[in-house]
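>>> need a 3D model of the sequence below.
(one chain, ligands or ions: 1)
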Amino acid sequence: MLGLPDGVTACLFDLDGVLTQTAKVHAAAWKQMFDAFLEERAEREGVPFEPFDAGREYDEFVDGKPRDAGVRDFLAARGIVLPEGSPEDPPSAETVNGLGTRKNALVLDLIARDGVEPYAGSVRYLHAARDAGLRRAVVSSSHNCRDVLRAAGIEELLEARVDGHTAAVDGLRGKPAPDTFLAGARLLGVEPAQAVVFEDALAGVEAGRAGSFGHVVGVDRVGQRAALLRHGADIVVDDLGELL
Ligand SMILES: O=P(O)(O)OC[C@H]1O[C@@H](O)[C@H](O)[C@@H](O)[C@@H]1O
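The predicted structure follows:
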């Protein structure tokens, strides 16, 4: 049914890049923030400025992970260690949390300016899944998940939500750990083996594999089919509409 194996009764959808066209908004905001940080640091230390690669470095170190992990993992890949700070840090703080706050202000500006578009194929898939009686949850690392769902007009098509806020409150490890997807399955009252994970991020398909879900659908928006398969996708589609 709907391109899924027999026995699947529930769908766990990532948000940014799967349901909504916001992965590129996040990538652009990350690039703007990291480039400003790296450029200032290069000037201060008298070393060459190497810009953030919004393709490779975003996909490998940032995409799909909670905000603080994205900052930490990218900086570690560049050999940079900053103090953690706290979520209350102002954007001026040169800490993991401060940099995350800087980036979030940029994301919110971009969303306020440009709005949020869902993928048409994903909206059709959500309707088809609902009509077929499949349970549906969104499982996102983003603290902005609810606002993005509302702006995209698809909130009511989902029965449950696990996001950056709920994960923090419940102490869940972020993707690539499977915890948030497992929590989504629990909220829908299904076993992991009965649920399918839809993910565009490498960290996300890894989480799907780590949780032993019934099926992991990689969604390739940026030409990384082989990497999605390597990291845990059972199949890869360019758009959810292909499964209909
Ligand atoms: O900063 P937010 O909105 O809480 O989002 C955290 C992460 O959420 C993920 O969905 C995105 O793929 C990442 O790019 C983003 O960094």
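
>>> which of the three states applies to the most centrally placed residue in the chain?
By Cα atoms, centre = their mean, the chain has its centre lying nearest to Gly64, at 3.1 Å. With DSSP: H, G, I helix; E, B strand; the rest coil as the basis, Gly64 sits in coil.

>>> spatially, and excluding backbone neighbours, which residue is closest to it.
Excluding the flanking residues, the one nearest Gly64 by Cβ to Cβ, 6 or more residues apart in numbering is Ala201, at 2.7 Å. Backbone N, C-alpha and C define where each C-beta goes, glycine included.

>>> what's the answer for Arg209, then?
Nearest one to Arg209, counting by Cβ to Cβ, 6+ apart, is Gly232 at 3.1 Å.

>>> close to the ligand: what parts of this structure are there?
Contacts of the chain with the ligand, taken as Cβ under 6 Å from any ligand atom, map to 15-16, 23, 26, 62-64, 66-67, 70, 104, 107, 140-144, 164, 201.

>>> which other residues reach stretch 21-35?
15-17, 51-52, 54, 58, 62-63, 70, 74, 99, 102-104, 106-107, 110-111, 114, 116-119, 142, 148, 200-201, 221-222 (Cβ atoms under 8 Å, 6 or more residues apart in numbering).

>>> can you give me the domain assignment for this protein?
Per automatic domain parsing, the domain ranges recorded for the chain read 10-22+116-243, 24-114.

>>> please convert these to JSON lines, extending it with mean pLDDT and distance to Met1.
Compiled in JSON lines, those are given as follows (pLDDT from 0 to 100; distance: least, Cβ to Cβ, whole Å):
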{"stretch": "domain 10-22+116-243", "mean pLDDT": "98", "distance to Met1": "6"}
{"stretch": "domain 24-114", "mean pLDDT": "97", "distance to Met1": "27"}
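
>>> for Thr180, give me its contacts.
Taking Cβ under 8 Å, 6+ apart, we find Thr180 in contact with 139-141, 162, 167, 172-174, 207.

>>> the helices in this protein, which residues?
Ranges of helices in the chain, per DSSP state H, are 23-45, 56-57, 67-77, 96-114, 120-131, 145-152, 164-170, 179-188, 202-210, 225-231.

>>> please identify the most buried of those.
helix 202-210 (a mean of 25; mean count of other Cβ atoms under 10 Å).

>>> so the residue of the chain most remote from its centre versus the ligand, what's the distance?
Computed with Cα atoms, centre = their mean, the residue of the chain farthest from its C-alpha average is Gly46, at 34.8 Å. According to Cβ to the nearest ligand atom, to the nearest Å, Gly46 and the ligand sit 31 Å apart.

>>> then Ala129?
20 Å.

>>> thought Leu2 was touching that residue, still the case?
Yes. Ala129 is within contact range of Leu2, at 6.3 Å (criterion: Cβ atoms under 8 Å).

>>> Asp200: what's it in contact with?
Asp200 touches 14, 16-18, 23, 63-64, 218-222, 228, counting by Cβ under 8 Å, 6+ apart.

>>> how about the helices of the chain in JSON lines, adding distance to Val8?
Conversion of the helices of the chain to JSON lines gives the following (distance: least, Cβ to Cβ, whole Å):
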{"stretch": "helix 23-45", "distance to Val8": "25"}
{"stretch": "helix 56-57", "distance to Val8": "33"}
{"stretch": "helix 67-77", "distance to Val8": "29"}
{"stretch": "helix 96-114", "distance to Val8": "32"}
{"stretch": "helix 120-131", "distance to Val8": "10"}
{"stretch": "helix 145-152", "distance to Val8": "23"}
{"stretch": "helix 164-170", "distance to Val8": "24"}
{"stretch": "helix 179-188", "distance to Val8": "11"}
{"stretch": "helix 202-210", "distance to Val8": "13"}
{"stretch": "helix 225-231", "distance to Val8": "19"}
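
>>> of these, give the one that comes closest to Asp239.
helix 120-131 (4.1 Å; Cβ to Cβ).
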